[in-house]
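Trainee: Quick one, fold the following:
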Amino acid sequence: MVVTLVDLEDAGERLASGERPYEYKTSNSGLRLLGPACGFGADCLQRYREEGLYAESLEEAHDMARSRSATVTGIWFVKRG
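Mentor: The predicted structure follows:
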């Protein structure tokens with residue numbers, strides 16, 4: 001498994017091609033926002049969603065980060081292989 005951090009400005013092409021985020025990097029290093037490629041089970045993701053720590057989309061991640069006075073600065077992508 002290879003995990004790559006991509007700056008937000010450079011992530012648009014990858015998102016447009018259908019690549020799914022593993023995690024969203026935020027300006028608050030203590031805030032971890034998981035994305036749809038994290039591979040966690042449905043029950044776990046539901047709990048993280050309720051806690052505001054799992055986002056299905058970049059827009060949702062932006063909203064969650066803003067609610068904690070943070071911003072999304074990058075996206076972690078994962079390639080399994």
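Trainee: my read: Pro36 touches Glu23, true?
Mentor: No: with contact taken as CB atoms under 8 Å, Pro36 and Glu23 are classed as non-touching, separated by 10.3 Å. Just so you know, the C-beta spots here come from the backbone N, C-alpha and C atoms, and that holds for glycine as well.
Trainee: These two: who's more crowded?
Mentor: In this view Pro36 and Glu23 are compared by other CB atoms under 10 Å, and Glu23 has more residues nearby, 21 against 14.
Trainee: measure Ser57 to Met1 for me?
Mentor: If you measure Ser57 against Met1 using CB to CB, to the nearest Å, the figure is 23 Å.
Trainee: Who has more neighbours out of these two?
Mentor: Applying other CB under 10 Å to Ser57 and Met1 shows that Ser57 carries more neighbours, namely 14 against 8.
Trainee: which residues touch Ser27?
Mentor: The contact partners of Ser27, by CB atoms under 8 Å, 6 or more residues apart in numbering, come to Ala65, Ala70, Thr71, Thr73.
Trainee: Tell me who's in contact with the third one.
Mentor: Just to be clear, that refers to Thr71. Thr71 makes contact with Thr26, Ser27, His62, Ala65, according to CB under 8 Å, 6+ apart.
Trainee: how many other residues sit next to Ala11?
Mentor: When neighbours are defined as other CB under 10 Å, Ala11 has 21 of them.
Trainee: scratch that, Ser29
Mentor: Neighbourhood size, Ser29 [other CB under 10 Å]: 8.
Trainee: and the lengthiest strand in the chain, what does it pack onto?
Mentor: For the chain, the strand reaching the highest residue count under DSSP state E is reported as strand 72-79. With contacts defined as 3 or more CB pairs under 8 Å, 6 or more residues apart in numbering; DSSP states H and E, strand 72-79 has these neighbours: strand 2-7, helix 8-16, strand 21-26, helix 58-66.
Trainee: Comparing those, which comes out most buried?
Mentor: Per-stretch averages of neighbours, counted by mean count of other CB atoms under 10 Å, single out strand 21-26 among those, with a mean of 23.
Trainee: Perfect, I'm done here.
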